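Engineer: need a structure here:
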Amino acid sequence: MKIMNKELATILLVEDSLADIALTKALIKVENIFLDLVVARDSTEAYKILNDKTCQIDLVILDFNLPKVSGLEVLLNIKEKFTIPVLMFSGSDAPPDKEKAKELGATDYMVKPFDVSDFKGAIEKIETLELVGEEKSFYLYTK
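Structural biologist: Okay, here's the model as predicted:
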């Protein structure tokens with residue numbers, strides 16, 4: 001979707017917990033962050049979306065603890081096949097988890113539930129995205 005002649009970024013949220021999906025959507029809505037959000041509940045859905053040539057994903061927010069295939073394995077597969085930045089999303093703030101995620105190519109690591117300052121800080125590290133806004137609303141664009 002275009003706003004002010006800029007393309008809104010499309011984020012793929014890979015999360016199996018309905019509660020965490022709802023919390024993420026609520027945070028985006030409450031904080032007035034404008035972006036396109038696509039949700040996958042497991043690795044199979046995520047790979048299907050990532051391989052869909054009609055859907056350009058600009059960022060993946062990936063749950064660390066997915067069923068069947070771990071988030072770290074999904075991260076490794078994404079980094080092998082795509083040049084998309086990946087933010088790991090976990091209930092754990094254990095340093096070994098953070099280190100392993102970054103070692104495998106995660107751009108950043110956010111602890112659930114994340115807040116808007118965590119999200120903004122992570123976005124600032126991604127060269128292909130631009131967060132533009134004022135105090136009350138923000139737009140996440142592709143550069």
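
Engineer: count of neighbours near Glu130?
Structural biologist: Using other Cβ atoms under 10 Å, Glu130 has 15 neighbouring residues. Heads up, the C-betas are built off the backbone N, CA and C, glycines and all.

Engineer: got the phi and psi for it?
Structural biologist: Backbone torsions for Glu130, taken as degrees, to the nearest 10, come to phi -140, psi 120.

Engineer: am I right that it is in contact with Lys143?
Structural biologist: Yes: between Glu130 and Lys143 there is a contact at 5.2 Å, judged by Cβ atoms under 8 Å.

Engineer: shared neighbours of the two, which are they?
Structural biologist: Counting by Cβ atoms under 8 Å, 6 or more residues apart in numbering, Glu130 and Lys143 have no common neighbour.

Engineer: from the chain's centroid, how far away is whatever helix or strand Ile21 lives in?
Structural biologist: Per DSSP states H and E: Ile21 is located in helix 18-30. Taking Cα atoms, centre = their mean, to the nearest Å, one finds the center of helix 18-30 at 13 Å from the center of the full chain.

Engineer: which helices and strands sit right next to the next helix or strand after it?
Structural biologist: The helix or strand immediately downstream of helix 18-30 is strand 33-34, counting by DSSP H and E. Using 3 or more Cβ pairs under 8 Å, 6 or more residues apart in numbering; DSSP states H and E, the elements in contact with strand 33-34 are strand 138-142.

Engineer: so what does the strand it packs on touch, helix or strand wise?
Structural biologist: Strand 138-142 packs on strand 6-7, strand 33-34, strand 129-133, going by 3+ Cβ pairs under 8 Å, 6+ apart.

Engineer: the closest residue to Ser137 other than its chain neighbours and Ser92: what is the separation?
Structural biologist: Nearest non-adjacent residue to Ser137, counting by Cβ to Cβ, 6 or more residues apart in numbering: Asn32, 3.6 Å away. Look at Asn32 and Ser92: by Cβ to Cβ, to the nearest Å, they are 29 Å apart.
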